[in-house]
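# Quick one: sequence and predicted model below, then my questions.
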Amino acid sequence: MYGIGANTWIWVSPLTDDRLAVLAPRIAGWGFDTIELPIESPGDWDPGRTEELLASLGLTATTCAVMPPGRDLVTDDPDVAEATAEYLRACVRAAARIGARVVAGPVYAPVGRTWPLDPTDRRVTIRRLVERLRPLSEYAASQQVTLALEPLNRFETSLVNTVEQGLEVVEAVQSPGLGLALDTFHLNIEERDLPAALRAAGRWLAHMQVCANDRGAPGADHLDWPGIVAALADVGYAGPLCIESFTSENRTIATAAAIWRPLAPSQDELATAGLAFLRALLAGRETPAAAGR
């Protein structure tokens with residue numbers, strides 16, 4: 001029904017050509033359909049070389065943008081906003097080159113930036129975001145790529161936490177080059193009913209990231225996975241389910257994602273147990289125990 005993917009952040013950060021050359025064959029060998037490639041800095045991995053590698057392995061690709069301090073579309077500083085826009089255009093070009101249809105991520109403000117917004121401030125900030133996303137979305141659409149805006153939980157941003165808040169932006173932009181990326185980790189914190197939130201996203205759902213409520217393997221948790229899959233079917237989602245978790249190797253990203261302890265006996269087991277769980281779930285079989293149970 002859906003392809004299943006793995007984000008390389010499970011193992012490495014930053015991703016490079018040499019690391020991808022080792023990791024991609026392992027991901028393909030385990031039986032994943034898709035590999036999700038973070039673009040921490042354009043040029044960390046070469047799109048042309050990556051295209052050839054993934055084609056040789058039969059892997060499709062998705063990508064995700066990375067928003068550290070200094071990348072910000074809602075800033076008052078026009079130079080920072082333009083540098084951020086150019087970074088996102090570079091992400092779109094890399095995605096298009098490797099045949100990826102999505103650049104997912106919190107493409108609005110740095111992860112970890114939280115600030116109070118009264119209703120007037122929020123209207124002004126969202127209006128600014130819409131104005132800056134509109135040309136980027138049109139550029140993405142021209143490359144047959146979708147920027148997939150990801151709501152994050154309240155501890156990682158104060159701007160877009162819920163599907164409703166994400167819809168406020170994408171419906172204002174109204175471009176085929178902009179949609180929503182939803183992640184079960186953030187949904188579990190911010191949404192009262194995960195299947196209902198997915199149904200609310202509807203046709204705007206462009207990408208789906210999955211993990212346990214603690215960022216471990218899908219299935220080693222309390223989430224309503226049958227309800228999640230039913231909601232995805234109801235909205236006609238046709239993309240992959242990409243397992244996203246993080247290695248503690250890169251302390252900056254591990255700190256941003258609050259990875260303070262191992263989430264499975266090994267990173268390999270986190271990925272493979274999650275894959276086994278999702279395959280069984282999608283096939284309607286009794287699901288195996290996932291890592292961490």
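In hand now; what should we look at? Numbering: from 1, shown residues only.
# who touches residue 211 in this structure?
183, 184, 185, 217, 218, 243, 244, 245, 274 (Cβ atoms under 8 Å, 6 or more residues apart in numbering). (C-beta placed from N, C-alpha, C; glycine too.)
# again, 7 Å this time
Neighbouring residues of residue 211 by Cβ atoms under 7 Å, 6 or more residues apart in numbering: 184, 185, 218, 243, 244, 245.
# Closest one of those residues to residue 95?
Nearest to residue 95 among the contacts of residue 211 is residue 244, at 16.5 Å by Cβ to Cβ.
# and the residue nearest the centre of the chain, bridged to which residues?
With distances taken as Cα atoms, centre = their mean, residue 104 lies nearest the centre of the chain, 4.6 Å away. For residue 104, the beta-bridge partners under DSSP bridges are residue 64, residue 148.
# what pLDDT does it get?
With respect to pLDDT, residue 104 has a value of 98.
# And for residue 163?
98.
# okay but it is in contact with residue 151, surely?
Yes: taking Cβ atoms under 7 Å as the definition, residue 163 is a contact partner of residue 151 at 6.4 Å.
# since we're on residue 172, how many residues are nearby?
16 (other Cβ atoms under 10 Å).
# Any buried residues in the worst-scoring helix or strand of the chain on mean pLDDT, and which?
Using mean pLDDT, DSSP states H and E, the weakest-scoring helix or strand in the chain turns out to be helix 251-256, at a mean of 77. By neighbour count on 16 or more other Cβ atoms under 10 Å, the buried set for helix 251-256 is 253, 254, 256.
# Tell me the gap between that helix and the middle of its chain.
How far helix 251-256 lies from its chain's middle: 16 Å, per Cα atoms, centre = their mean, to the nearest Å.
# what do you get for stretch 176-187?
With Cα atoms, centre = their mean, you get 7 Å for stretch 176-187.
# quick one: terminal-to-terminal distance for it?
End-to-end span of stretch 176-187 (Cα to Cα, to the nearest Å): 23 Å.
# just to revisit the earlier point, distance to residue 29 added to the buried residues of helix 251-256, as a markdown table?
Formatted as a markdown table, these follow (distance: Cβ to Cβ, whole Å):
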| residue | distance to residue 29 |
| --- | --- |
| 253 | 26 |
| 254 | 26 |
| 256 | 30 |
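# quick one on the thing from earlier: more crowded one of residue 163 and residue 151?
Comparing residue 163 with residue 151 by other Cβ under 10 Å, the one with more neighbours is residue 151, at 28 against 25.
# what phi and what psi does the backbone show at the more buried one?
When quoted as degrees, to the nearest 10, the phi and psi of residue 151 stand at phi -70, psi 140.
# before we move on, what about residue 277?
Phi and psi for residue 277, reported as degrees, to the nearest 10, are phi -60, psi -50.
# Can you get me a residue count around it?
Counted with other Cβ under 10 Å, the neighbours of residue 277 add up to 26.
# repeat for residue 121
The local packing of residue 121 (other Cβ under 10 Å) involves 11 other residues.
# Please determine how far it is located from residue 73.
The gap separating residue 121 from residue 73 is 16 Å, by Cβ to Cβ, to the nearest Å.
# Only the buried residues of stretch 206-221, if you could.
Across stretch 206-221, burial judged by 16+ other Cβ under 10 Å covers 206-212, 214-221.
# min pLDDT across these, which one?
pLDDT across those is lowest for residue 220, at 91.
# how about that one, secondary structure?
Of the three states, residue 220 takes coil under DSSP: H, G, I helix; E, B strand; the rest coil.
# dump the residue contacts of residue 1.
Residue 1 sits in contact with residue 282, where contact means Cβ under 7 Å, 6+ apart.
# now do residue 92
For residue 92, the contact set (Cβ under 7 Å, 6+ apart) comprises 103, 139, 140, 143, 145.
# so what pLDDT did it get?
With respect to pLDDT, residue 92 scores 98.
# What of residue 257?
Residue 257 carries a pLDDT score of 79 in this model.
# what's the answer for the one 5 residues further on, then?
What the model reports as pLDDT for residue 262 is 83.
# Counting neighbours, what do you get for it?
13.
# Is it located within a helix, as I assumed?
No: counting by three-state DSSP, one finds residue 262 to be coil, located in no helix.
# No further queries at this time; thank you.
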